[in-house]
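**Q** output the structure for:
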Amino acid sequence: MDRIAEQFNDYLVENDLKVQIGSARHALENVFHEWKSQQNIQVGPAVMIHALAKWGVLRIKGGKKVIWIKGEVDLAQKIRVLMASSPRESIAGADFKKVYADYFSEELDLRGGKLKDLLTRCEALGACQLEYRPMPKGPASLFVYAVDTSIPSSRLVPVSRSTRGDSDSAAFLQAAHETKIAEMEAEKVATEKILAEARAARAALELKAARAESAKRAAEERIADAEAAKAAAENKASDLKVRSAMVEREAKELRAAALRVSRAKNASEEDLQEEKIRRGELAPVWTCEIDVGQWVKYDETIASKLETEYQARKQSRYHQSNNQPTWSLKSHSYTIDWDFMVQMNVQTQKGRSIRRELVPNAKKHLNASGGSEKQWVSVQEEVLPGNVSCYKIPASSLSESVDSKELDEFNFAAGQLMRLQGCNNHHLGAALSFGGGSRNGGQRVIQVDVYENKALEEQWNSKKQQLGHSACKPFWVFHGTDTANIGQIMREGLKVGGKDGVPITNGSAYGPGVYTAAGPDVPLSYGQSKSVILALGLGGQSGTDSTRPRGDWVIFSSGAQLLPKYVLHMR
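**A** Alright, predicted model coming up:
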């Protein structure tokens, strides 16, 4: 390609076909087509233009313009000769035009531009070297130096004849030839270096490939080992599975045998227990769990129903349907899941565990309060003024294993708390069993005080006869007051505020009377105390003897209608 470009350049020079600076690219292409028609050339004009640009005889500007620099090559030859022949190391830019005119006996053609621009293009062609030296004042000064290497002769057009003669041109061409040879030698050395580097790179790649192949074989061996280990593990797992199935089968048989033995033993124990029940030595007691570890005894009516259904189920293996209520209380119906021994509220779908226990039977005589006439075991009687007896029963002193009067009284009073609170919270009414006290929402019954006041009992019985048939059904209510008032109330009875020297403490929004409630929540909100009085009330004629103005409130017209029996202390 260089040879073709050189031939085309010679054609342009010989025929003096100069393309002006800034000419359109197609002008040069037209010249090339004329020349190509005379030659056996198989390249296009675009390739030739780029070859000439690489060769250094033209520049492409913006892709569409070409700048023919044949004249600049001639000028570059002259400047190269001038700098090589100058005795000075450098020529200042201000003196360069004069030095050039003295040497070549002609003015320097600046091509209509500035000297520094022309010298910059000649520097690009390898004719000289430029240096800009900073000055103390003003802009930097330009200095021109000679170059050490010659411009390739194939890329320079011979210098026009001048006053210096042919000797300078011959020397310049000889230097250019030697430079060309040096460049070829350097190119050869560079090529050999590239080949050596390529051979080294190839050897490195071959070594890397060999290592990769070795790693691949090692990975394949590890995969094979892993597959073998997997197969061995699967075989071992299969054997273990077979042995596990055998062990499970044997364990199942052992469990079945143990179950048969246990059933036989239980049947024998049940038969013995039932015999004791028939002889009256044992009695069934039914309880439900109202809190973790807190069990409540059912009242006798519900306990009797549970025992009847339990015996029927035992005889016929009949399972109570959850769709059939076992009993109803305060508009709520309850069923029993006998398989899991769970009491279920039909309306709220809340369940509680139940249990049946056999305890030594004791003949019970119920008094007016529903308590038993057993003996006090660990509680001492306190005799108060007015011949009033008080028995204080802390929950911590009770023992479930001891069938005592204090256990029955505590369970009865705390059970009334749970039953009456059930009007609002849907709890099943029953007596509280031993276990550290009962819970009222976030509060616990820690002590129950039982009062026996003969004078108040006589007053209450007299009022009951006076009210007649309308008072035949007494009911339990709660009354809240300050702790300081409790002792006097339990000795002298409840009184209507504003009468008999008793002040009105909490107002009388619904008229005069003794204010109570069927549940404990409202009474506990009155007075600076966590204690509440449980009293037995006589309703009498509604609207006259008692009223129910709101919620579970009950207002009695006289204190004689109330018999304060218990004081429940909360925490």
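
**Q** next, count neighbours for Lys530.
**A** As a burial measure, Lys530 scores 14 neighbours (other C-beta atoms under 10 Å). Yep, even glycine has a C-beta here, placed from its N, CA and C like the rest.

**Q** helix/strand/coil for the spatially closest residue to Glu457 that is not a sequence neighbour?
**A** Closest residue in space to Glu457, ignoring its immediate chain neighbours: Leu563 at 6.4 Å, by C-beta to C-beta, 6 or more residues apart in numbering. Following DSSP: H, G, I helix; E, B strand; the rest coil, we place Leu563 in the strand state.

**Q** and Leu563, what does it touch?
**A** 456-457, 460, 493, 535-537 (C-beta atoms under 8 Å, 6 or more residues apart in numbering).

**Q** from those, pick the one nearest Met570.
**A** Minimum distance to Met570 across the contacts of Leu563 is 16.9 Å, recorded for Ala535 (C-beta to C-beta).

**Q** assign the closest one to helix, strand or coil.
**A** Following three-state DSSP, Ala535 is assigned to strand.

**Q** I'd assumed Lys565 was in contact with it.
**A** Yes: contact criterion C-beta atoms under 8 Å: Ala535 and Lys565 qualify, at 6.2 Å.

**Q** how about residues contacting the strand or helix carrying Phe96?
**A** Using DSSP states H and E, Phe96 sits in helix 93-104. Residues outside helix 93-104 that contact it (C-beta under 8 Å, 6+ apart): 78-79, 82, 85-86, 91, 107-108, 115-116, 119, 141-144, 162-164.

**Q** any of those buried? List them.
**A** Buried members of these, scored by 16 or more other C-beta atoms under 10 Å, are 78-79, 82, 91, 108, 115, 119, 142-144, 164.

**Q** now render those residues as CSV, adding secondary structure.
**A** As requested, these are arranged in CSV below (three-state DSSP):
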residue, secondary structure
Lys78, helix
Ile79, helix
Leu82, helix
Ile91, strand
Leu108, coil
Leu115, helix
Leu119, helix
Leu142, strand
Phe143, strand
Val144, strand
Arg164, coil
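
**Q** biggest separation within these, which pair?
**A** For those, with distances taken as C-beta to C-beta, the pair at the greatest spread is Leu142 and Arg164 (24.6 Å).

**Q** in this protein, which helix is the longest?
**A** What stands out as the longest helix in the chain, according to DSSP state H, is helix 166-279.

**Q** now the angle between helix 93-104 and it, please.
**A** Calculated by axes from the mean of the first three to the mean of the last three C-alpha atoms, to 10 degrees, helix 166-279 forms an angle of 140 degrees with helix 93-104.

**Q** now flag whichever of the buried ones among the contacts of helix 93-104 is closest to Phe410.
**A** Leu142 (120.1 Å).

**Q** just the closest of the buried ones among the contacts of helix 93-104 to Thr287, please.
**A** Of all the buried ones among the contacts of helix 93-104, Thr287 sits closest to Leu142, with 117.4 Å by C-beta to C-beta.

**Q** and the residue lying closest to that closest one once chain neighbours are set aside, what pLDDT?
**A** Once flanking residues are discounted, Leu142 sits nearest to Gly93: 3.3 Å by C-beta to C-beta, 6+ apart. Gly93 is assigned a pLDDT of 90 by the prediction.

**Q** show me where the chain has helices.
**A** Taking DSSP H as the test, the helices found in the chain are 2-14, 25-38, 45-55, 70-85, 93-104, 115-124, 166-279, 300-316, 405-425, 454-467, 483-492, 521-524.

**Q** what's the closest of the ones you listed to Arg356?
**A** Going by C-beta to C-beta, the one of the helices of the chain nearest Arg356 is helix 300-316, 6.5 Å.

**Q** which positions within that closest one qualify as buried?
**A** 302-303, 306-307, 310.

**Q** mean pLDDT lowest where, among the helices of the chain?
**A** Ranked by mean pLDDT, the helices of the chain bottom out at helix 2-14, which scores a mean of 68.

**Q** chain center to the helix holding Phe96: distance?
**A** 86 Å (C-alpha atoms, centre = their mean, to the nearest Å).

**Q** surely Gly351 is in contact with Ile336?
**A** No: in this structure Gly351 lies outside contact range of Ile336 using C-beta under 8 Å: 9.9 Å.

**Q** now do the shared contacts for those two.
**A** Taking C-beta under 8 Å, 6+ apart as the criterion, Gly351 and Ile336 both touch 342-344.

**Q** tell me how far stretch 552-571 lies from the chain's centre.
**A** Counting by C-alpha atoms, centre = their mean, stretch 552-571 comes out at 55 Å from the chain centroid.

**Q** list the buried residues of that stretch.
**A** 552-570.

**Q** and what of stretch 446-456?
**A** 446-451, 453, 456.

**Q** the nearest residue to Glu382 once chain neighbours are set aside and Pro523: what is the separation?
**A** In space, and not counting its chain neighbours, Glu382 is closest to Cys390: 4.4 Å by C-beta to C-beta, 6+ apart. According to C-beta to C-beta, to the nearest Å, Cys390 and Pro523 sit 20 Å apart.

**Q** higher neighbour count, those two?
**A** Higher neighbour count among Cys390 and Pro523: Pro523, with 24 against 19, using other C-beta under 10 Å.

**Q** contact partners for the closest residue to the more buried one other than its chain neighbours?
**A** Take Pro523 and drop its neighbours on the chain: the residue closest to it by C-beta to C-beta, 6+ apart is Gly480, 3.1 Å away. Contacts for Gly480 (C-beta under 8 Å, 6+ apart) come out as 522-527, 529, 532-533.

**Q** give me the distance between Gly480 and Gly501.
**A** Between Gly480 and Gly501 the distance is 21 Å, computed by C-beta to C-beta.

**Q** also Phe143?
**A** In this structure, Phe143 and Gly501 are 131 Å apart, going by C-beta to C-beta.

**Q** same question, Glu457
**A** Here the criterion is C-beta to C-beta. By it, Glu457 lies 23 Å from Gly501.

**Q** in terms of neighbours, single out the busier of the two.
**A** Neighbours were counted for Glu457 and for Gly501 using other C-beta under 10 Å; Glu457 has more, 15 against 6.

**Q** so what's the residue count around the residue nearest to Leu108 when sequence neighbours are not counted?
**A** Leaving aside its sequence neighbours, Leu108 sits nearest to Tyr100 (C-beta to C-beta, 6+ apart; 4.5 Å). By other C-beta under 10 Å, the residues close to Tyr100 number 20.

**Q** ditto for Glu270
**A** Residues lying near Glu270 (other C-beta under 10 Å) number 11.

**Q** Leu125 now?
**A** 20.

**Q** can we start the residue count at 39 from this point?
**A** Taking 39 as the first residue, the last one we looked at is Leu163.

**Q** how near is it to Leu153?
**A** For Leu163, the distance to Leu153 (C-beta to C-beta) stands at 16 Å.

**Q** next one: His71
**A** Distance of His71 to Leu153, computed by C-beta to C-beta: 38 Å.

**Q** quick check: phi and psi at Gln80.
**A** Backbone geometry at Gln80, expressed as degrees, to the nearest 10, gives phi -110, psi 20.
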